[in-house]
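Asks: Pasted the sequence and its predicted model underneath.
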Amino acid sequence: MNLQNATALVTGGSSGIGYAIAKTLIEAGARVAITGRDDKRLYKAAETLHAVAIRADVSSEADVQRTYREVLQAFGHLDILVNNAGSGVFKKLVDMDLAGFEAVFRTNVTGAMLMGREAAKHFMTRNKGNIVNICSTASLRGAPNGTAYYASKFALRGMTECWRAELRQHNVRVFLVNPSEVLTNFGNVAGFAQKENETKLRGEDIAHAVKAVLEMDDRGFTPEVTIFATNPKD
Ligand SMILES: NC(=O)c1ccc[n+]([C@@H]2O[C@H](COP(=O)([O-])OP(=O)(O)OC[C@H]3O[C@@H](n4cnc5c(N)ncnc54)[C@H](OP(=O)(O)O)[C@@H]3O)[C@@H](O)[C@H]2O)c1
């Protein structure tokens, strides 16, 4: 697809990987709307990026429906959904609390489904479209403390495969993108400090991969891309 004048909606575009994806798509000539729950961060990011800001929680069905009303009002149509909003809780199984577990699934799984569902309806009427699910290398194998987050990303991987099977016949391309560790605000939100090191991935690296897979001609697509740091040091 040609990103010049394309329209995109990036959930969680107010920070980290989503922000970098929004920036890269805008630099490529796309019109982009970003979402997030924190007003201040969202409006500041949107102003810097020259993006449309939509304050919305992906896990709220009412917010999701309003998001699509606002994005279609702003752009007239949508070409790309980037399902990026996500968060993590990292605890041993024996310490896992129900509220934390459910909060991760509400955003990473239910939220992605609600956003994907509304995009799919729109894309099916247009007989084209693109859904990029920002997943994780956590969707590829388990690890200690991963009960909530890793399982949510396994679920996102599973949904992605189902959507792909349903939507290909409508010319909708569904991509899964698996970053390994990226330096963002993710660790702070999850309650751990990521160690800064120049060898670790940045949001721009993930944005580069997203732009590259989208730009392939619509007759084909790369179902899945995994991004590793070459030689990361802690
Ligand atoms: N950083 C990594 O190492 C890494 C690795 C692999 C995959 N990922 C994935 O990459 C995605 C982005 O993470 P990040 O590292 O960029 O983290 P981040 O810097 O914390 O950004 C997360 C973004 O998602 C938004 N968000 C969170 N919950 C939301 C909700 N319920 N509704 C709407 N927006 C919500 C946040 O804004 P508000 O809090 O204001 O809503 C923020 O804009 C996530 O899906 C994450 O799982 C990250």
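Replies: Alright, I've got the coordinates.
Asks: what's the longest helix in the protein?
Replies: helix 147-167 (DSSP state H).
Asks: Any part of that helix near the ligand?
Replies: No - Helix 147-167 lies out of reach of the ligand by C-beta under 6 Å from any ligand atom, never closer than 6.8 Å. Every C-beta, even on glycine, is put in place using the N, C-alpha and C of the backbone.
Asks: ok now that helix, how far from the chain's centre?
Replies: Averaging C-alpha positions (C-alpha atoms, centre = their mean, to the nearest Å) puts helix 147-167 13 Å from its chain's average.
Asks: Pull out the buried residues from stretch 163-176.
Replies: 163-164, 167, 172-176 (16 or more other C-beta atoms under 10 Å).
Asks: what's near enough to touch the spatially most central residue of the chain?
Replies: By C-alpha atoms, centre = their mean, the chain has its centre lying nearest to N84, at 1.4 Å. For N84, the contact set (C-beta atoms under 8 Å, 6 or more residues apart in numbering) comprises 10-13, 17-18, 21, 132, 134.
Asks: what does the strand of greatest length in the chain rub up against?
Replies: Ordering each strand of the chain by length in residues (DSSP state E) puts strand 172-179 first. The contact list for strand 172-179, computed with C-beta under 8 Å, 6+ apart, reads 17, 120, 123-124, 128-137, 139-140, 156-157, 160, 163-164, 167-168, 201, 205-206, 209-210, 213-214, 218, 221-227.
Asks: still on that earlier bit, just send the buried residues of stretch 163-176 back as TSV, with pLDDT and distance to F75 too.
Replies: Output for the buried residues of stretch 163-176, formatted as TSV (pLDDT from 0 to 100; distance: C-beta to C-beta, whole Å):
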residue	pLDDT	distance to F75
W163	98	22
R164	98	25
L167	98	21
V172	98	18
R173	98	19
V174	98	21
F175	98	20
L176	98	25
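Asks: Can you tell me which of the residues you listed is closest to the ligand?
Replies: Minimum distance to the ligand across those is 11.3 Å, recorded for L176 (C-beta to the nearest ligand atom).
Asks: From T222, how far out is that closest one?
Replies: Between L176 and T222 the distance is 9 Å, computed by C-beta to C-beta, to the nearest Å.
Asks: likewise R202?
Replies: R202 is 21 Å from T222, by C-beta to C-beta.
Asks: now A229
Replies: Counting by C-beta to C-beta, the gap from A229 to T222 is 20 Å.
Asks: same check, this time on A85
Replies: The gap separating A85 from T222 is 22 Å, by C-beta to C-beta.
Asks: what's the longest helix of the chain packed up against?
Replies: Counting contacts by 3 or more C-beta pairs under 8 Å, 6 or more residues apart in numbering; DSSP states H and E, helix 147-167 packs against helix 98-105, helix 112-126, strand 129-134, strand 172-179.
Asks: all helices of the protein, in order?
Replies: 16-27, 39-49, 61-75, 98-105, 112-126, 147-167, 186-190, 203-215.
Asks: Please identify the most buried of the ones you listed.
Replies: Among those, ranked by average contacts under mean count of other C-beta atoms under 10 Å, first place goes to helix 16-27 (a mean of 24).
Asks: now check that one, is it near the ligand?
Replies: Yes - using C-beta under 6 Å from any ligand atom, we find that helix 16-27 touches the ligand at 16-18.
Asks: List of residues touching that helix?
Replies: So helix 16-27 is contacted by 3, 6, 8, 10-13, 32, 34, 36, 45, 49-51, 80, 82, 84-85, 134, 179, 182, 184-186, 202-204, 206-208, 210-211 (C-beta under 8 Å, 6+ apart).
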